[in-house]
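here is a sequence together with a model predicted from it:
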Amino acid sequence: MKRLNTQLQEDDCPLELILLIRTLLAACKEISFRVSQGALAGVLGSTLSDNVQGERQKKLDVISNQILKDILSESGYVKAVSSEEEDKVIGCTNDGKYLISFDPLDGSSNTDINSLIGTIFSVMHAPQWMEPDDPSAFLQPGTQQVAAGYVLYGPSTMLAMTTGRGTHLYTLDKTHGGFLLTRERVQVPRETQEFAINTSNQRHWEPCMQKYMADLLAGDQGPRGKNYNMRWVAAMVGDIHRVLCRGGIFAYPWDNREPEKAGKLRLMYEANPMAFLMEQAGGGASTGKMRILEVMPEDIHQRVPVILGSADEVEACLEYFKGN
Ligand SMILES: O=P(O)(O)OC[C@H]1O[C@](O)(COP(=O)(O)O)[C@@H](O)[C@@H]1O
Ligand SMILES: [Mg+2]
Ligand SMILES: [Mg+2]
(Lines give C-alpha, C1' and ligand atoms only; values in the text may rest on other atoms or scores of the structure.)
(Ligands and ions follow the chains in the order given, each with its own letter.)
Protein backbone atom coordinates (compact mmCIF):
# COMPACT_ATOMS: atom_id res chain seq x y z
CA MET A 1 0.00 0.00 0.00
CA LYS A 2 1.15 3.50 -0.80
CA ARG A 3 2.51 5.64 2.00
CA LEU A 4 1.21 9.13 2.68
CA ASN A 5 4.53 10.71 1.68
CA THR A 6 4.47 9.02 -1.72
CA GLN A 7 0.93 10.18 -2.43
CA LEU A 8 1.75 13.75 -1.39
CA GLN A 9 4.81 13.77 -3.66
CA GLU A 10 2.74 12.40 -6.57
CA ASP A 11 0.25 15.23 -5.91
CA ASP A 12 3.16 17.74 -6.25
CA CYS A 13 2.82 18.89 -2.66
CA PRO A 14 5.66 21.28 -1.72
CA LEU A 15 8.25 19.79 0.68
CA GLU A 16 7.53 22.29 3.44
CA LEU A 17 3.82 21.46 3.32
CA ILE A 18 4.61 17.74 3.48
CA LEU A 19 6.73 18.36 6.57
CA LEU A 20 3.98 20.43 8.14
CA ILE A 21 1.38 17.72 7.46
CA ARG A 22 3.65 15.09 8.99
CA THR A 23 4.07 17.25 12.08
CA LEU A 24 0.32 17.73 12.35
CA LEU A 25 -0.22 13.98 12.01
CA ALA A 26 2.34 13.27 14.74
CA ALA A 27 0.10 15.31 17.04
CA CYS A 28 -2.98 13.40 15.85
CA LYS A 29 -1.30 10.06 16.51
CA GLU A 30 -0.65 11.20 20.07
CA ILE A 31 -4.32 12.26 20.38
CA SER A 32 -5.39 8.90 18.93
CA PHE A 33 -3.39 7.13 21.65
CA ARG A 34 -4.82 9.31 24.45
CA VAL A 35 -8.36 8.82 23.15
CA SER A 36 -7.92 5.05 22.99
CA GLN A 37 -6.77 4.92 26.62
CA GLY A 38 -10.13 6.48 27.68
CA ALA A 39 -11.18 5.73 31.22
CA LEU A 40 -7.84 3.97 31.89
CA ALA A 41 -6.07 7.32 31.68
CA GLY A 42 -8.80 9.32 33.44
CA VAL A 43 -9.36 11.50 30.36
CA LEU A 44 -13.14 11.14 30.03
CA GLY A 45 -15.67 13.67 31.32
CA SER A 46 -15.77 17.45 31.45
CA THR A 47 -13.55 20.17 32.87
CA LEU A 48 -14.99 23.03 34.90
CA SER A 49 -14.37 25.62 32.16
CA ASP A 50 -16.14 26.86 29.02
CA ASN A 51 -14.51 27.70 25.69
CA VAL A 52 -14.92 30.95 23.77
CA GLN A 53 -18.15 29.58 22.24
CA GLY A 54 -19.65 29.17 25.72
CA GLU A 55 -19.51 25.36 25.48
CA ARG A 56 -18.35 23.27 28.44
CA GLN A 57 -14.95 21.78 27.55
CA LYS A 58 -14.36 18.05 27.78
CA LYS A 59 -11.01 16.97 29.25
CA LEU A 60 -10.08 15.53 25.86
CA ASP A 61 -10.87 18.88 24.14
CA VAL A 62 -8.26 20.54 26.34
CA ILE A 63 -5.68 17.72 26.02
CA SER A 64 -6.03 17.53 22.21
CA ASN A 65 -5.79 21.30 21.86
CA GLN A 66 -2.61 21.38 23.97
CA ILE A 67 -0.95 18.56 22.00
CA LEU A 68 -1.66 20.26 18.65
CA LYS A 69 -0.57 23.68 19.91
CA ASP A 70 2.69 22.41 21.40
CA ILE A 71 3.76 20.30 18.43
CA LEU A 72 2.76 22.83 15.75
CA SER A 73 4.19 25.90 17.47
CA GLU A 74 7.57 24.21 17.91
CA SER A 75 7.70 22.86 14.35
CA GLY A 76 9.06 26.00 12.67
CA TYR A 77 6.62 25.66 9.74
CA VAL A 78 3.69 27.48 11.30
CA LYS A 79 3.30 31.22 11.71
CA ALA A 80 0.11 31.05 13.77
CA VAL A 81 -2.64 28.68 14.82
CA SER A 82 -6.30 29.26 15.50
CA SER A 83 -8.39 26.73 17.43
CA GLU A 84 -11.98 26.16 18.48
CA GLU A 85 -10.68 26.00 22.04
CA GLU A 86 -8.69 29.24 21.93
CA ASP A 87 -10.19 32.69 22.25
CA LYS A 88 -7.44 34.29 20.15
CA VAL A 89 -4.95 33.39 17.46
CA ILE A 90 -1.66 32.01 18.83
CA GLY A 91 1.53 33.30 17.21
CA CYS A 92 4.18 30.62 16.58
CA THR A 93 7.26 31.11 14.35
CA ASN A 94 7.86 34.48 12.69
CA ASP A 95 9.06 33.05 9.39
CA GLY A 96 6.63 30.10 9.43
CA LYS A 97 4.96 29.78 6.03
CA TYR A 98 1.55 28.45 7.08
CA LEU A 99 -1.53 29.22 9.15
CA ILE A 100 -3.51 26.34 10.62
CA SER A 101 -7.06 26.41 11.96
CA PHE A 102 -8.28 23.33 13.82
CA ASP A 103 -11.09 21.78 15.76
CA PRO A 104 -8.94 19.68 18.10
CA LEU A 105 -11.74 17.25 18.90
CA ASP A 106 -14.95 17.32 16.93
CA GLY A 107 -17.98 15.63 18.44
CA SER A 108 -16.38 15.64 21.87
CA SER A 109 -19.69 14.85 23.61
CA ASN A 110 -19.12 11.38 22.10
CA THR A 111 -15.99 10.82 24.21
CA ASP A 112 -18.04 9.61 27.17
CA ILE A 113 -19.88 6.96 25.11
CA ASN A 114 -16.84 5.63 23.21
CA SER A 115 -18.24 6.82 19.89
CA LEU A 116 -16.76 8.59 16.86
CA ILE A 117 -14.68 11.76 17.30
CA GLY A 118 -11.95 13.40 15.25
CA THR A 119 -9.60 16.32 14.62
CA ILE A 120 -10.44 18.69 11.72
CA PHE A 121 -7.79 20.96 10.17
CA SER A 122 -7.39 23.63 7.52
CA VAL A 123 -4.06 25.00 6.22
CA MET A 124 -3.49 28.31 4.41
CA HIS A 125 -0.44 30.33 3.41
CA ALA A 126 0.67 32.91 5.94
CA PRO A 127 1.02 36.36 4.36
CA GLN A 128 4.54 37.74 4.82
CA TRP A 129 3.29 41.06 6.20
CA MET A 130 1.46 39.48 9.08
CA GLU A 131 2.48 39.70 12.72
CA PRO A 132 2.25 36.15 14.14
CA ASP A 133 -0.64 36.99 16.48
CA ASP A 134 -2.66 39.00 13.93
CA PRO A 135 -6.08 37.34 13.45
CA SER A 136 -6.87 39.31 10.27
CA ALA A 137 -4.48 37.13 8.22
CA PHE A 138 -6.77 34.15 8.91
CA LEU A 139 -9.72 35.92 7.33
CA GLN A 140 -9.31 34.40 3.88
CA PRO A 141 -12.06 32.46 2.10
CA GLY A 142 -11.90 28.65 2.02
CA THR A 143 -10.82 28.74 -1.62
CA GLN A 144 -7.39 29.77 -0.27
CA GLN A 145 -6.87 26.51 1.66
CA VAL A 146 -3.76 24.61 0.53
CA ALA A 147 -4.61 21.48 2.51
CA ALA A 148 -7.51 20.34 4.66
CA GLY A 149 -8.77 17.18 6.26
CA TYR A 150 -9.64 15.30 9.38
CA VAL A 151 -8.32 12.42 11.45
CA LEU A 152 -11.15 10.16 12.60
CA TYR A 153 -10.61 8.25 15.85
CA GLY A 154 -12.85 5.25 15.24
CA PRO A 155 -12.39 1.47 15.10
CA SER A 156 -9.52 2.43 12.79
CA THR A 157 -7.76 5.78 12.95
CA MET A 158 -8.28 7.27 9.50
CA LEU A 159 -7.14 10.38 7.69
CA ALA A 160 -9.14 12.10 4.94
CA MET A 161 -7.11 14.79 3.25
CA THR A 162 -6.94 16.96 0.18
CA THR A 163 -4.22 19.25 -1.09
CA GLY A 164 -6.39 20.23 -4.06
CA ARG A 165 -5.62 17.10 -6.10
CA GLY A 166 -8.58 14.97 -5.07
CA THR A 167 -9.59 13.61 -1.67
CA HIS A 168 -7.74 10.54 -0.41
CA LEU A 169 -8.41 8.28 2.57
CA TYR A 170 -5.58 6.77 4.61
CA THR A 171 -5.60 4.32 7.51
CA LEU A 172 -3.12 4.47 10.39
CA ASP A 173 -1.13 1.25 10.58
CA LYS A 174 -0.46 1.09 14.30
CA THR A 175 2.15 -1.62 13.84
CA HIS A 176 4.60 0.93 12.40
CA GLY A 177 2.85 4.28 12.96
CA GLY A 178 2.42 5.28 9.30
CA PHE A 179 -0.68 6.37 7.38
CA LEU A 180 -1.26 4.14 4.33
CA LEU A 181 -3.43 5.05 1.35
CA THR A 182 -6.58 2.92 1.50
CA ARG A 183 -8.84 4.82 -0.91
CA GLU A 184 -7.52 7.01 -3.68
CA ARG A 185 -9.52 9.86 -5.25
CA VAL A 186 -12.79 9.39 -3.42
CA GLN A 187 -15.87 10.08 -5.57
CA VAL A 188 -19.05 10.80 -3.65
CA PRO A 189 -22.06 9.30 -5.52
CA ARG A 190 -24.14 12.14 -7.02
CA GLU A 191 -27.41 10.65 -5.79
CA THR A 192 -28.39 9.37 -2.38
CA GLN A 193 -31.25 8.12 -0.21
CA GLU A 194 -29.62 8.93 3.12
CA PHE A 195 -29.66 12.16 5.13
CA ALA A 196 -27.95 13.36 8.32
CA ILE A 197 -29.71 16.28 10.00
CA ASN A 198 -30.64 16.77 13.64
CA THR A 199 -34.38 16.60 12.97
CA SER A 200 -35.18 17.37 16.62
CA ASN A 201 -34.60 21.00 15.58
CA GLN A 202 -37.02 20.85 12.66
CA ARG A 203 -39.60 23.20 14.17
CA HIS A 204 -36.89 25.87 14.61
CA TRP A 205 -35.71 25.86 10.96
CA GLU A 206 -36.63 28.29 8.19
CA PRO A 207 -39.78 27.25 6.28
CA CYS A 208 -37.77 26.28 3.17
CA MET A 209 -35.66 23.80 5.18
CA GLN A 210 -38.79 22.42 6.88
CA LYS A 211 -40.40 21.90 3.47
CA TYR A 212 -37.31 20.12 2.13
CA MET A 213 -37.30 17.75 5.12
CA ALA A 214 -41.05 17.16 4.90
CA ASP A 215 -40.58 16.11 1.27
CA LEU A 216 -37.75 13.70 2.20
CA LEU A 217 -39.88 12.19 4.96
CA ALA A 218 -42.82 11.75 2.58
CA GLY A 219 -40.70 9.09 0.86
CA ASP A 220 -41.92 7.42 -2.32
CA GLN A 221 -45.40 8.94 -1.79
CA GLY A 222 -43.95 12.50 -1.88
CA PRO A 223 -42.48 14.73 -4.61
CA ARG A 224 -39.00 13.16 -4.31
CA GLY A 225 -40.45 9.78 -5.20
CA LYS A 226 -38.07 7.68 -3.10
CA ASN A 227 -37.66 6.54 0.50
CA TYR A 228 -34.82 7.98 2.58
CA ASN A 229 -32.91 6.57 5.54
CA MET A 230 -31.45 8.71 8.33
CA ARG A 231 -28.13 8.62 10.23
CA TRP A 232 -26.84 11.03 12.91
CA VAL A 233 -23.48 10.41 14.60
CA ALA A 234 -23.58 13.79 16.43
CA ALA A 235 -20.00 14.36 15.32
CA MET A 236 -19.66 16.14 12.00
CA VAL A 237 -16.43 14.27 11.39
CA GLY A 238 -18.25 10.90 11.59
CA ASP A 239 -21.19 12.02 9.46
CA ILE A 240 -18.95 13.53 6.77
CA HIS A 241 -16.80 10.40 6.75
CA ARG A 242 -19.88 8.29 5.98
CA VAL A 243 -20.94 10.72 3.23
CA LEU A 244 -17.45 10.57 1.67
CA CYS A 245 -17.53 6.75 1.83
CA ARG A 246 -21.02 6.06 0.47
CA GLY A 247 -22.81 9.34 -0.26
CA GLY A 248 -25.55 11.17 1.59
CA ILE A 249 -26.46 14.70 2.58
CA PHE A 250 -25.34 16.33 5.82
CA ALA A 251 -26.89 19.61 6.93
CA TYR A 252 -26.75 21.84 9.96
CA PRO A 253 -29.04 24.70 8.95
CA TRP A 254 -29.69 28.02 10.68
CA ASP A 255 -32.38 27.77 13.35
CA ASN A 256 -34.17 30.28 15.54
CA ARG A 257 -33.13 28.91 18.92
CA GLU A 258 -30.36 31.53 18.95
CA PRO A 259 -31.34 33.60 15.92
CA GLU A 260 -28.32 35.94 16.09
CA LYS A 261 -26.03 32.96 15.35
CA ALA A 262 -25.64 32.14 11.65
CA GLY A 263 -25.57 28.41 12.43
CA LYS A 264 -24.01 25.96 14.86
CA LEU A 265 -20.91 24.91 12.96
CA ARG A 266 -17.83 27.07 12.59
CA LEU A 267 -16.58 28.24 9.21
CA MET A 268 -12.80 28.18 9.62
CA TYR A 269 -12.24 24.78 11.24
CA GLU A 270 -15.41 22.80 10.49
CA ALA A 271 -17.25 24.01 7.36
CA ASN A 272 -14.30 25.10 5.18
CA PRO A 273 -12.13 21.98 5.52
CA MET A 274 -15.14 19.69 5.03
CA ALA A 275 -16.30 21.74 2.02
CA PHE A 276 -12.83 21.45 0.45
CA LEU A 277 -12.80 17.66 0.98
CA MET A 278 -16.35 17.32 -0.36
CA GLU A 279 -15.79 19.41 -3.51
CA GLN A 280 -12.55 17.57 -4.24
CA ALA A 281 -14.57 14.34 -4.06
CA GLY A 282 -17.19 15.64 -6.52
CA GLY A 283 -19.75 16.62 -3.86
CA GLY A 284 -21.50 19.90 -3.11
CA ALA A 285 -20.97 22.34 -0.22
CA SER A 286 -23.27 25.31 0.31
CA THR A 287 -24.62 27.58 3.02
CA GLY A 288 -28.02 27.49 1.30
CA LYS A 289 -27.24 30.85 -0.28
CA MET A 290 -23.69 30.46 -1.56
CA ARG A 291 -20.71 28.15 -1.92
CA ILE A 292 -19.17 27.65 1.55
CA LEU A 293 -15.64 28.07 0.16
CA GLU A 294 -16.45 31.59 -1.07
CA VAL A 295 -17.70 32.95 2.25
CA MET A 296 -15.46 35.86 3.27
CA PRO A 297 -14.83 35.36 6.99
CA GLU A 298 -15.14 38.27 9.40
CA ASP A 299 -14.15 36.43 12.55
CA ILE A 300 -12.04 33.36 13.31
CA HIS A 301 -14.93 31.76 15.22
CA GLN A 302 -17.63 32.71 12.70
CA ARG A 303 -20.54 30.31 12.35
CA VAL A 304 -22.22 29.27 9.14
CA PRO A 305 -25.13 27.07 8.02
CA VAL A 306 -23.92 24.01 6.08
CA ILE A 307 -25.35 21.67 3.44
CA LEU A 308 -22.78 19.13 2.25
CA GLY A 309 -22.76 15.90 0.30
CA SER A 310 -23.97 14.12 -2.82
CA ALA A 311 -24.04 16.75 -5.59
CA ASP A 312 -27.57 16.10 -6.92
CA GLU A 313 -29.10 15.96 -3.42
CA VAL A 314 -27.38 19.22 -2.39
CA GLU A 315 -28.73 20.79 -5.60
CA ALA A 316 -32.23 19.46 -4.82
CA CYS A 317 -32.04 20.97 -1.33
CA LEU A 318 -30.85 24.33 -2.71
CA GLU A 319 -33.94 24.50 -4.96
CA TYR A 320 -35.99 25.04 -1.79
CA PHE A 321 -33.79 28.03 -0.85
CA LYS A 322 -34.31 29.81 -4.19
CA GLY A 323 -36.10 33.14 -3.78
CA ASN A 324 -35.70 32.87 0.00
O1 LIG B 1 -25.93 18.70 19.43
P2 LIG B 1 -26.16 18.32 18.02
O3 LIG B 1 -27.25 19.11 17.36
O4 LIG B 1 -26.31 16.84 17.82
O5 LIG B 1 -24.82 18.81 17.27
C6 LIG B 1 -23.87 17.97 16.80
C7 LIG B 1 -22.87 18.78 16.04
O8 LIG B 1 -22.10 19.54 16.95
C9 LIG B 1 -20.74 19.24 16.81
O10 LIG B 1 -20.45 18.23 17.74
C11 LIG B 1 -19.88 20.45 17.10
O12 LIG B 1 -18.51 20.14 17.23
P13 LIG B 1 -17.66 20.20 18.61
O14 LIG B 1 -17.85 18.90 19.36
O15 LIG B 1 -16.28 20.38 18.09
O16 LIG B 1 -18.15 21.40 19.39
C17 LIG B 1 -20.63 18.67 15.40
O18 LIG B 1 -19.56 17.82 15.25
C19 LIG B 1 -21.94 17.92 15.26
O20 LIG B 1 -22.37 17.76 13.94
MG1 LIG C 1 -16.58 20.50 16.02
MG1 LIG D 1 -14.41 20.51 19.00
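It's in. Numbering: from 1, shown residues only. Ligands and ions are numbered 1, 2, ... in the order given.

what does the stretch 201-324 of the chain have sitting close to ligand 1?
In this structure, the stretch 201-324 of the chain approaches ligand 1 at residues 234-236, 252, 264, judged by CB under 6 Å from any ligand atom. From N, CA and C alone the C-beta is placed, and that goes for glycine too.

5 Å - rerun?
Within reach of ligand 1 by CB under 5 Å from any ligand atom, the stretch 201-324 of the chain has these residues: 234-236.

which of the three states applies to Glu260?
For Glu260, the assignment made with DSSP: H, G, I helix; E, B strand; the rest coil gives coil.

same check, this time on the one 10 residues further on
Here Glu270 is recorded as helix under three-state DSSP.

for it, give me its contacts.
In this structure, Glu270 makes contact with 103, 106, 120, 236, 306, judged by CB atoms under 8 Å, 6 or more residues apart in numbering.

thinking again about what came up before, are any of the residues of the stretch 201-324 of the chain next to ligand 1 buried, and if so which?
When neighbours are counted using 16 or more other CB atoms under 10 Å, those contain these buried positions: 235-236.

list, out of the contacts of Glu270, those positioned next to ligand 2.
Restricting these to those near ligand 2 by CB under 5 Å from the ion leaves 103, 106.

and which of the contacts of Glu270 is nearest Phe179?
If you rank the contacts of Glu270 by distance to Phe179 using CB to CB, Ile120 comes first, at 16.2 Å.

tell me which strands the host helix or strand of Leu152 pairs with, and in which orientation.
Here Leu152 is covered by strand 145-153, with elements defined by DSSP states H and E. The sheet places strand 145-153 alongside strand 117-125 (antiparallel), strand 157-162 (antiparallel), with pairing taken from DSSP bridges.

that older thread, just the contacts of Glu270: which are in strands?
The subset of the contacts of Glu270 located in strands under the criterion DSSP state E comprises 103, 106, 120, 306.

out of the residues you listed, which is nearest to Arg3?
Taking CB to CB as the measure, Arg3 sits nearest to Ile120 out of these, at 22.8 Å.
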